[in-house]
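S.K.: need a structure here:
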Amino acid sequence: AWYTTRERDRDEVLPWDHLDSGLDRDWLWDDWQDALDEVELDDCRWTPCFDCGVCPTMGTEIQIGPTGRKLLPLTVV
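M.R.: So this is what the prediction gives:
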């Protein structure tokens, strides 16, 4: 339980801190706090950017079509 379910401090060094997923550590912490508070974030492909850090880090571009609407990278089924 100490390794998996205890409360952690924002500045604590975590075992996975050496891994780079493209997400900003501060954004991940804030997202974790939102999850604990049961706050749901909309998918940023359909809503404004949440500034997680993935797009600039991974070279992701959200394209704007001729209608001015965003072209989604996924096909809606």
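
S.K.: how about the biggest helix by length in the chain: buried residues?
M.R.: Across the chain, the longest stretch assigned as helix under DSSP state H is helix 25-36. Buried residues in helix 25-36, counted by 16 or more other C-beta atoms under 10 Å: 30, 31. Where C-beta positions appear, they are placed from N, C-alpha and C, glycine not excepted.

S.K.: what's next to it, contact-wise?
M.R.: The list of residues contacting helix 25-36 from outside it, by C-beta atoms under 8 Å, 6 or more residues apart in numbering, reads 10, 17, 40, 41, 50, 51, 52, 53.

S.K.: In which helix or strand does the most centrally placed residue in the chain reside?
M.R.: Per C-alpha atoms, centre = their mean, the C-alpha nearest to the average position across the chain is that of residue 52, at 4.6 Å. In this assignment (DSSP states H and E), residue 52 forms part of neither any helix nor any strand.

S.K.: For residue 29, see how far away it is.
M.R.: In this structure, residue 52 and residue 29 are separated by 12 Å, where distance is defined by C-beta to C-beta, to the nearest Å.

S.K.: For residue 64, report the pLDDT, please.
M.R.: If you check residue 64, the pLDDT there is 55.

S.K.: do residue 12 as well
M.R.: Confidence at residue 12, expressed as pLDDT, is 91.

S.K.: Could you measure from it over to residue 50?
M.R.: Taken as C-beta to C-beta, the span from residue 12 to residue 50 is 23 Å.

S.K.: More neighbours: which of the two?
M.R.: A direct count of neighbours by other C-beta atoms under 10 Å for residue 12 and residue 50 places residue 50 higher, at 15 against 8.

S.K.: Show the model's pLDDT score for the closest residue to the more buried one other than its chain neighbours.
M.R.: Leaving aside its sequence neighbours, residue 50 sits nearest to residue 44 (C-beta to C-beta, 6 or more residues apart in numbering; 5.3 Å). What the model reports for residue 44 is a pLDDT of 73.

S.K.: ok but residue 44 is inside a helix, no?
M.R.: No: secondary structure of residue 44 (DSSP: H, G, I helix; E, B strand; the rest coil): coil, not part of a helix.

S.K.: can you list the domains in the chain?
M.R.: Per the record's domain assignment (the TED database), the chain is made up of the domains 1-41, 45-76.
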